[in-house]
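J.: I'll drop the sequence and a predicted model, then ask my questions.
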Amino acid sequence: MKQTVSEKLFNVFNCTFFVLLGLTTLLPFINLIAKSFSSESAVISGKVNLLPIGFQTGTYLYVLQNDMFLNALKTSVILAIVGTAVGLFVTTLTAYPLSRIQLRGRKWILLLFIFTMLFSGGLIPTYLLMQALGLINELPVLFLPAAINVFNMLIIKNYFEELPDGLEESAKLDGASNVRILFSIVLPLSLPVLATIALFFAVAFWNDYFTAMIYITDQELKPLQLFLKELLVASSGEFLKDNVDAALNTTPQSIQAASILLATLPILFVYPFLQKYFVKGVLVGSVKG
Amino acid sequence: MRKRSVFAMIAASTLTLAACSGNNAPPPSSSPSASASSEATATPSSDTGGGEKPEMTMLMQYGLFDPNADPVSKAIEEATGYKTKYEMLPAENADEKLNLMVANKQNFDIMKLGSAQFYKLATAGALEPLDELIEQHGPNIKAALKEDSWKSATIDGKIYAIPETGSGISVGEELVVRQDWMDELGLQHPTNPDELYEVLKAIKEAKGIVPLTGTKDSIYGDIATAFGVINEWTDIDGTLVHKAELPQMKDFLTYMNKLYSEGLLDSEMPINTSAKAIEKFASGNAAMYKLAWWSASSAEAALVKNFPEAKIGIIPYLKNKDGQASVGVNLATTWFIAVPKVSKLKEDAIKLIDAKLEKETFKKLAIGEEGVHHEFKEEKYYPILPKFNDDLTNASVYMTGVDEHNYPTYWQARVRKDPVLQSYYEAFQANAANTNIVVDPMSVAPPIDAVSKNKQKLTKLLDDQVLMYIAGSENIADYDTFLARWMSEGGADAIKEANEWYKSTK
Amino acid sequence: MKSETASPPGTTPATPIKRGFFAKLAADIRRDWDLYALLIPGLSLLLLFKYAPMYGITIAFKDFNIFDGYAASPWVGWKHFAKLFSAPDFLHVFENTVIISFLKIGILFPLPIIIALMLNELRLMLFKRVVQTVIYLPHFLSWVIVSGLFIDLLSSNGGLVNKALSSLGMEPISFFLDNSVFRGVLITSAGWKETGWSTIVYLAAFATIDPGLYEAAKIDGAGRMRQLWHITLPGIAPIILLMFILRLGNILEAGTEQILVMYNPTVYKVADVIGTYVYRMGIGNQDYSFTTAVGVFESIIAFTLVIAGNALSRKYLQRGIW
C-alpha cells in the first residue's frame, strides 16, 4: 500500500496534533501527582509543577489508612459493578423492543421515555417517594432510579436499528422468538455499543455524588465522590468563614491531591479494558454468513 | 410452555427490583404536628430510677469525620449514660437536606442548627418550645448560660433552642506584611489608609509586584474599619443603620478602587480563594495580605521555605481620620440546639443536654482530663499532644450548648497546640485590645423576620456589587441606584424591622 | 430507516381479510407480546421513579411551603412565571443563556466528531488507544479543579498564557475578569474537559460500518478523504443526528454548574445565565415554587425544540428518534 504525499503529510499532522492534545490533558494529572508527593509547604506556595518538591509518601499512607476513604471506596466499587449490571440489563431490554419498527405504540412509548429527560417532578416528591419505599440510607437508592437511563437507551436503540435486517428475517423464518433473536443474534453483534454503555453507566455511578448527598447520611454507605466532595468543600473558604474550629483542622492540599487521584484512578482502568470491544468489523462475518 | 417461563423470568426480575425496597421502610410518622406539644407530656418517660436509658438521635452540622466512630461520641455516652446515634447534614446543600428531613418528619431528638436554619424551623412550627422542659430538667443548662444569651433563641416570648455562643470574642484576621522588605526599604508600619497607600506604592516601585492581595471572601476588616465601615449594623444616634447605607461605604470603595486601578491591589482579588492569597504571599508575589491566625503556621512555614530570610510583620489596626482604631465584633449566637416536635424523647433530650452541661462533665468533654489531655499552668490550659488531638479534635461539633463562664478559657487550649498559631492568635487579640472594640448592636437581637429571611440574599447582593466597584466594572457614582435596588429587594424591610426592635429595647 | 407500512412476513399467520382496529391491535399484541414483556422492567422503573413524582410540577403554580405540604399550599396560577418574566434582569440573563448555549453547540458539538474522525485515521493501534485514554481524563476532574487549573494557566500574575503573550510583546489579558474574553474561557474549558469523553459514543459507532465498503472504495481508487466523506461520515450520521436532537433539549442549560464555579461579579454581564441567576436570587430562601416554575419554563422550551428537531429531521432526513 502506497501513501500519497498528502496522506503522509496528514499523518504527520494528525500524530503531532494528538501528541499535543494528549499532553494538555495529561499535564494536569502529572501536576496533581507531583503535588500529592510534595511537602505541604511547597504546595501551599505554588511551587510544584511537574515534579514533586520535598518528596514524601505520607499523604498516601494517610488517605489509605482513613476508614472513611476505605469505606467509600468499597461502596463505590460495589455501586459501579451492581449499578452497571442492572442498568445495562434494564436499558438493553427496553431498547430492543423500541428499535423494532413493527411494534405498535412504539412512538408513544418512546415519547413517554423522552418526556422524562426534559421534565421531572423535582427533588421533594422524589424524596417523599424514596422515603415511602424505605430507600433512604439504602444502597439501591443509588442505582435503581438511575437504572433506566433514557439517553443510554436511545443510543442502544439507535445501534440496534443500524444492524442489517437480513439476520433477523432469516431467524424469524426459522421460527425463533423475538427474545431469542435478541440474546442469540443481536446482542453478540452489539458488543461495541454495550461496552460503550457499560462505560457510561460505570462512570456515571462512579461520579455521582448528588444522589448520595441527598439520600445517604450513613457513613458506611457514602460513595467515594461524596467523600471527595465533602473533603474539598470542607476546606473551602466559604465553609470555613465562620467556623474557626473547622478552620483549625483543614485538610492539607497535598492530601487533597492524593485523595483526588486515589478517587479517580480505579475508574480510569475501566476504559482501556473495554476498548478491545470497540473493534471494527464485528458485523462482517455474520452479515455474509 | 417455554414462552411462559421467559415471561415469568422477566416478571420476577422486575419484582425483585421493586422488592429491594422492601426492607427497613418506616412509614412516615402520622402524628400531626399541631398536637405534638401535648404529646410531649404523654410520651412515656424513661425516668424510672436509673433504668435503661433510651437511644437518642442527634442531627449535627457537617464535619469531616465519622460521628459515630469518633472518641468524643464514646466519651459522651460514658459521661451521660445515653447512647446517641449521630447524623450529619451534608457539607453542601445543608439547608435543602434539612428541609427535606424535617418536612418528612424524619425522627431526631436533638438538632444543632445554624441561625437561619433555626429561624426557619422555629417559625414553621417544627420545634418544641423548651421553657418548661428546661425548668424541670435543666438545672445545669440554666447555670451554664448567661441570662442575655437566651434572647437570641426566644421568639414571641418562648424559648425554642439552647443557644450555643462558642468560644467567645476573638478577632480572626489582621493585615500582615513582609517585614524583611519593609526593613530593607526603611518603611514604617502604616497607621492609616493614606500611609498604607504610600507604603504599597513604595513596595510596588522597589519590588515590581502588586503588593496587596486579598480574597473574594474577605472584603471588610482592617481597611474598611478605618473608613467607619465596622460592622454589619451601626448605631447612629439611636438608629440602626446597615453598612450598605453608610455614606462612608462610598469612601471605602473609592479608596479600594484607587488601589485596584493603580495596580496596588491584586487585580485577581475577585477570584482569589484564601489558599490563593496565601500562595501569592508565600511565593513572594505579594507583600501584604489579611492573614487569618488559624492559617498562620502553614503560611509562615511556606514563606520561610521559599525565602529563609523572610519575616512576617503584623500591621496594627489602621486608624480613622480622628486617629482612632476600631475593631468590629459580632457576639451573635453561632449554633442553636433545638428539640423537634416529632421527637418522642423530648424529656430525655433535655436531660442529655443538661448532663453534658454539668460543669465537670462539660470540661471533660471539651478539653479532656487533666494530665491526660491537657495541663494547667500559669492560669492557662495547654493541650497534651498527640492525645488531645486524637481524642478531642472534633469535640466542638458534638457540643450542645457551652459553659459560657468557662468555655472561652478552655477553648484556647486548641490554639496552644502550636506555638506559631498561638503567637499570632495572641498578637491579634492584644492588638485588638488596644482599639475601640465596637459590638454589632444586632448581636443581641432576637430573630427578626425581615432580617433573617433575606439575610443571605442581601449579603450576596451587596458583596457582589462591592467587588464590582472595587474592580471598577461598575462606577461608584451609580452607588445610589444600586442602593435603591438593594432596599427594594428586602433591605428596606430589614432596616425597618430591625429598628422597631431596637427602639423597643430602649 | 425501515419502512413502517409492511409488517414482516410470516409473523402473523392466518390473517383474516377484514379486521377492525381492536382486532388488529389484539393481533399485533399477540404477535409481539414478548417484545412488550421486555419493556416491563424499564417501564416500571420509569413509572415508579420518574412519573410517580411528576405531580411535583404543580408547585410551580402554588405558593409551596415545604413544611405545610402539597395539599395545604395555595394555588397561585402563573404568579411565579410572571415573577420570572418581569424580573429586571430576565431578558439580559436569557440572552446570555442563549448566546453561551449557541456558542457551545456551534463549537463544542462538532468538535468530538472531528476528533473521533481524526482518531479513526490513526493507524498505530497502541498510540490510538493511549490517546483515547488520555484525552478523556479531564472528564473525571470536577469543575472546581478544572477552574483552578484555568485560573493558574490564565493568571495575569505569572500564568503560562500571559507569559507567552508578553514574550510576543502583547499586553497581558485578565481572562477571568474581562467581559470580552470570559465567554471564550467558558467554552474553551468546557471543550477541554468534555471533548475527549464525547468522542466515545462516535468511536463506538464506527464499529457498525461494514469494512467491505472501504475495500470496495479502495479498489475504486478513492482516497482517504473521499472514504471519510462517503463512507465514515454517513456511517455515523444517525448517531450524530440523535446526539444533536438531544443536545437541543439542553439549550437553556448553558452550564450552570461550570459557571457557578468559574464566574465572579466582574463578569456577570456576560456570564450570568438563568441557572446562576436563579441560584443567586434564591440563596438562603429555598423558594421551591419559583425554581420549579423556572424549570418548567426551561423544560417546555426544550421539549418544543426536541419535538421540532425530530419532526424536521424526519421530514428532510427521513429519520428521527421516533
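T.: It's in.
J.: and the helices in the stretch 201-350 of chain B, which stretches?
T.: Secondary structure of the stretch 201-350 of chain B (DSSP state H, counting those that start in this stretch): helices at B:222-226, B:248-261, B:274-282, B:296-306, B:346-356.
J.: no, scratch that, I was asking about the stretch 201-322 of chain C
T.: Secondary structure of the stretch 201-322 of chain C (DSSP H, counting those that start in this stretch): helices at C:211-219, C:224-227, C:233-248, C:256-262, C:268-271, C:274-281, C:288-317.
J.: dump stretch C:270-284 to CSV, restricted to CA.
T.: Written as CSV, here are the backbone C-alpha positions of stretch C:270-284 (Å, rounded to 0.1, in the frame of the first residue of the first chain):
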residue,chain,number,x,y,z
VAL,C,270,-21.6,38.3,30.0
ALA,C,271,-21.8,35.1,32.1
ASP,C,272,-24.9,35.3,34.3
VAL,C,273,-27.3,32.7,32.9
ILE,C,274,-30.7,31.6,34.0
GLY,C,275,-29.4,28.8,36.3
THR,C,276,-26.8,31.0,38.1
TYR,C,277,-29.2,33.9,38.4
VAL,C,278,-31.9,31.8,40.0
TYR,C,279,-29.3,30.3,42.3
ARG,C,280,-28.1,33.7,43.5
MET,C,281,-31.5,35.2,43.9
GLY,C,282,-32.7,32.1,45.8
ILE,C,283,-29.7,31.9,48.2
GLY,C,284,-30.9,31.1,51.7
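J.: what sits closest to B:Glu128 if chain neighbours are left out?
T.: In this structure, B:Glu128 finds its nearest non-sequential neighbour in B:Val339, 4.7 Å apart by Cβ to Cβ, 6 or more residues apart in numbering or on different chains. (C-beta placed from N, C-alpha, C; glycine too.)
J.: you'd agree the one you found is up against B:Leu130?
T.: Yes: under the criterion of Cβ atoms under 8 Å, B:Val339 makes contact with B:Leu130 at 6.4 Å.
J.: for residue 117, what are its contacts?
T.: Looking at chain A here, since you left the chain open. With contact taken as Cβ atoms under 8 Å, 6 or more residues apart in numbering or on different chains, A:Met117 is in contact with A:150-151, C:246, C:249.
J.: oops, I was thinking of chain C
T.: Residues in contact with C:Leu117, defined by Cβ under 8 Å, 6+ apart, are C:202, C:228, C:232-233.
J.: mind redoing it with 10 Å?
T.: C:199, C:202-203, C:206, C:228-229, C:232-233, C:236 (Cβ atoms under 10 Å, 6 or more residues apart in numbering or on different chains).
J.: same thing with B:Val439?
T.: Neighbouring residues of B:Val439 by Cβ under 10 Å, 6+ apart: B:169, B:230-231, B:235, B:328-331.
J.: nearest to A:Gly87, of those residues?
T.: For those, the closest approach to A:Gly87 (Cβ to Cβ) belongs to B:Asn330, at 50.1 Å.
J.: need the helices of the stretch 201-322 of chain C in JSON lines with mean pLDDT and mean neighbour count, can you?
T.: Shown next, in JSON lines, are the helices of the stretch 201-322 of chain C (pLDDT from 0 to 100; neighbours: other Cβ atoms under 10 Å in any protein chain shown):
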{"stretch": "helix C:211-219", "mean pLDDT": "87", "mean neighbour count": "13"}
{"stretch": "helix C:224-227", "mean pLDDT": "86", "mean neighbour count": "15"}
{"stretch": "helix C:233-248", "mean pLDDT": "93", "mean neighbour count": "18"}
{"stretch": "helix C:256-262", "mean pLDDT": "94", "mean neighbour count": "19"}
{"stretch": "helix C:268-271", "mean pLDDT": "95", "mean neighbour count": "20"}
{"stretch": "helix C:274-281", "mean pLDDT": "91", "mean neighbour count": "20"}
{"stretch": "helix C:288-317", "mean pLDDT": "93", "mean neighbour count": "18"}
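J.: so which of these is nearest chain B?
T.: helix C:274-281 (6.1 Å; Cβ to the nearest Cβ).
J.: who are the packing partners of that closest one?
T.: If contacts are counted by 3 or more Cβ pairs under 10 Å, 6 or more residues apart in numbering or on different chains; DSSP states H and E, helix C:274-281 sits against helix B:449-471, helix C:79-86, helix C:90-103, helix C:256-262, helix C:268-271, helix C:288-317.
J.: what do B:Val339 and B:Leu130 both touch?
T.: Residues touching both B:Val339 and B:Leu130 (Cβ under 10 Å, 6+ apart) are B:160-162, B:346, B:349-350, B:353.
J.: residues touching the nearest residue to C:Thr208 once chain neighbours are set aside, list them.
T.: Sequence neighbours aside, A:Glu162 is the residue nearest to C:Thr208 in space, at 4.8 Å (criterion: Cβ to Cβ, 6+ apart). Going by Cβ under 10 Å, 6+ apart, A:Glu162 touches A:99, A:190, A:193, A:283, C:205, C:207-209, C:235-236, C:238-239.
J.: how about the nearest residue to the residue positioned nearest the centre of chain B, chain neighbours excluded?
T.: Nearest to the mean C-alpha position of chain B, counting by Cα atoms, centre = their mean, stands B:Thr334 at 5.8 Å. In space, B:Thr334 comes closest to B:Gly166 once its chain neighbours are excluded; the distance is 4.5 Å by Cβ to Cβ, 6+ apart.
J.: do the same with C:Ala222
T.: C:Ala222's closest residue in space is C:His230 (Cβ to Cβ, 6+ apart), at 7.1 Å.
J.: residue of chain C nearest chain B, please.
T.: Counting by Cβ to the nearest Cβ, chain C gets nearest to chain B through C:Gly284 (2.8 Å).
J.: burial measure for B:Trp293, as a count.
T.: Around B:Trp293 sit 28 other residues, with neighbours defined as other Cβ atoms under 10 Å in any protein chain shown.
J.: quick revisit: am I right that the residue nearest to B:Thr334 sits in a helix?
T.: No: under the criterion used here (DSSP: H, G, I helix; E, B strand; the rest coil), B:Gly166 is coil, not part of a helix.
J.: chain C is nearest to which of the helices of the stretch 201-350 of chain B?
T.: helix B:274-282 (7.2 Å).
J.: and for A:Val19, the neighbour number?
T.: A:Val19 has 12 neighbouring residues, counting by other Cβ under 10 Å.
J.: mind listing what the closest residue to B:Met442 other than its chain neighbours touches?
T.: Leaving aside its chain neighbours, B:Met442 sits nearest to B:Trp233 (4.4 Å; criterion: Cβ to Cβ, 6+ apart). Applying Cβ under 10 Å, 6+ apart, we find B:Trp233 in contact with B:240-243, B:328, B:330, B:440-443, B:445, B:451, B:494-495, B:498-499, B:502.
J.: among those residues, which ones are buried?
T.: Buried subset of the contacts of B:Trp233 (neighbour count, 16 or more other Cβ atoms under 10 Å in any protein chain shown): B:240-243, B:328, B:440-443, B:445, B:451, B:494-495, B:498, B:502.
J.: what pLDDT is listed against the residue of chain C closest to chain B?
T.: Listed pLDDT for C:Gly284 reads 77.
J.: ok, now B:Ile470?
T.: We note a pLDDT of 96 for B:Ile470 in this prediction.
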